[in-house]
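Enquirer: Sequence below, structure please.
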Amino acid sequence: MNFKSSLRYLIFTNNDQSEVVEDIVKKLRTNGIAISDAKVVLGEILYNELERQAFLCKNNSTPTLSDKEYAKFYLPRVYDASSIWAIVAESKSIKAISEAYFKMKSPRLAYYDLWENWATDASPKNAQLWHRDRDDLQILKIFIYFTDVDEKNGAFFYAPGTHKMGNVKKEPYFFLEDNKTPRSYDADMENLVSKNQWVSGSGPKGTIVFADTHGYHKGGYVKQNFRFLFTAMYLSGYSGRNRFSNVT
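Expert: The predicted structure follows:
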């Protein structure tokens with residue numbers, strides 16, 4: 001179903017990409033995750049404006065209600081092409097990375113949002129446990145940090161090679177959370193991919209993480225302080241999934 005967009009990519013795409021874009025795409029294809037500097041990927045001016053408006057939104061708006069008591073989501077599920085969120089998500093460099101990774105013209109921007117996670121004493125649950133996203137067989141998510149992020153305040157973890165193009169084809173043992181969602185604990189994942197191979201998305205403010213989240217990952221478990229970031233998700237054009245209420 002994605003044949004036409006794949007063919008258009010092969011015919012019309014200039015493969016003369018920057019070294020930054022090529023490096024990110026290569027790591028994504030091999031490992032399912034790549035980590036870089038948002039100021040390098042987006043340019044310093046665009047990143048600074050994104051950060052400024054993110055904190056304005058955080059300080060002056062009411063977050064969206066969520067069933068996750070450890071997280072807040074700030075943006076309505078409405079696509080606005082003139083917003084800083086869309087401008088960043090559809091910037092030249094991000095578009096080049098998403099098209100090169102999918103090998104398709106114009107992958108679908110399925111959503112963007114601002115996430116805030118804060119400390120909890122509860123045991124990890126939901127997306128804090130290992131899981132795959134099920135929106136598509138190939139998914140690209142970006143996470144841009146507005147706070148320093150490490151293992152104490154919600155770092156993203158990824159099991160490399162568990163994405164569709166990866167070399168890990170087996171599944172870890174899992175249980176069904178709420179009798180419907182497959183989740184795995186650390187010990188289960190370590191039986192599949194050694195812990196010393198897990199990639200931590202730790203990084204200072206301004207870090208950007210690219211990940212194919214159909215591969216196994218977890219994140220957002222905060223034990224100290226809080227985590228605040230911008231995220232966006234890209235799918236194939238015919239995935240059939242879209243989280244914007246005003247886009248068909």
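Enquirer: ok, now which ones touch the closest residue to D150 other than its chain neighbours?
Expert: Among residues not flanking D150 along the chain, S202 sits closest, at 4.6 Å (CB to CB, 6 or more residues apart in numbering). For glycine as for every other residue, the C-beta is placed from the backbone atoms N, C-alpha and C. Shown here is S202, whose contacts under the criterion CB atoms under 8 Å, 6 or more residues apart in numbering are V149, D150, E151, A155.
Enquirer: quick one: which of the residues you listed is most hemmed in?
Expert: Of all these, V149 has the most neighbours under the rule other CB atoms under 10 Å, reaching 28 neighbours.
Enquirer: Isn't it up against T207?
Expert: Yes. When contacts are counted by CB atoms under 8 Å, V149 is listed as touching T207 (6.9 Å).
Enquirer: For the closest residue in space to L75 that isn't next to it in sequence, which residues count as its bridge partners?
Expert: Across the structure, with CB to CB, 6+ apart as the measure, the residue nearest L75 apart from its sequence neighbours is D113 (4.8 Å). D113 has these beta-bridge partners by DSSP bridges: T231.
Enquirer: And D113, how far from I139?
Expert: Per CB to CB, to the nearest Å, D113 is found 15 Å from I139.
Enquirer: Same drill for those two, tell me which one is more crowded.
Expert: Neighbour count, other CB under 10 Å: between D113 and I139, I139 has more, with 27 against 17.
Enquirer: any chance you could map the helices in the protein?
Expert: Read by DSSP state H, the chain holds these helices, from start to end of the chain: 3-12, 19-31, 38-42, 44-60, 84-89, 92-102, 186-190.
Enquirer: Contacts for the second one, please.
Expert: Read it as helix 19-31. With CB under 8 Å, 6+ apart, helix 19-31 has contacts from 17, 33-34, 36, 40-41, 93, 96-97, 100-101, 140, 158, 160-161, 165-166, 199, 210-212.
Enquirer: Any of these buried? List them.
Expert: 17, 33-34, 36, 41, 93, 96-97, 100-101, 140, 158, 160-161, 166, 199, 210-212 (16 or more other CB atoms under 10 Å).
Enquirer: In the protein, where is pLDDT below threshold?
Expert: Within the chain, the stretches with pLDDT under 70 are 8-16, 65.
Enquirer: which residue is nearest the centroid of it?
Expert: Centroid-nearest residue in the chain, with CA atoms, centre = their mean: K141, separated by 2.7 Å.
Enquirer: Settle this for me: that residue is touching G215, isn't it.
Expert: No. Contact between K141 and G215 fails when scored by CB under 8 Å: they sit 10.5 Å apart.
Enquirer: Just give the number of residues close to the closest residue to V88 other than its chain neighbours.
Expert: With sequence-adjacent residues excluded and distances taken as CB to CB, 6+ apart, V88 is closest to L50, at 5.2 Å. As a burial measure, L50 scores 21 neighbours (other CB under 10 Å).
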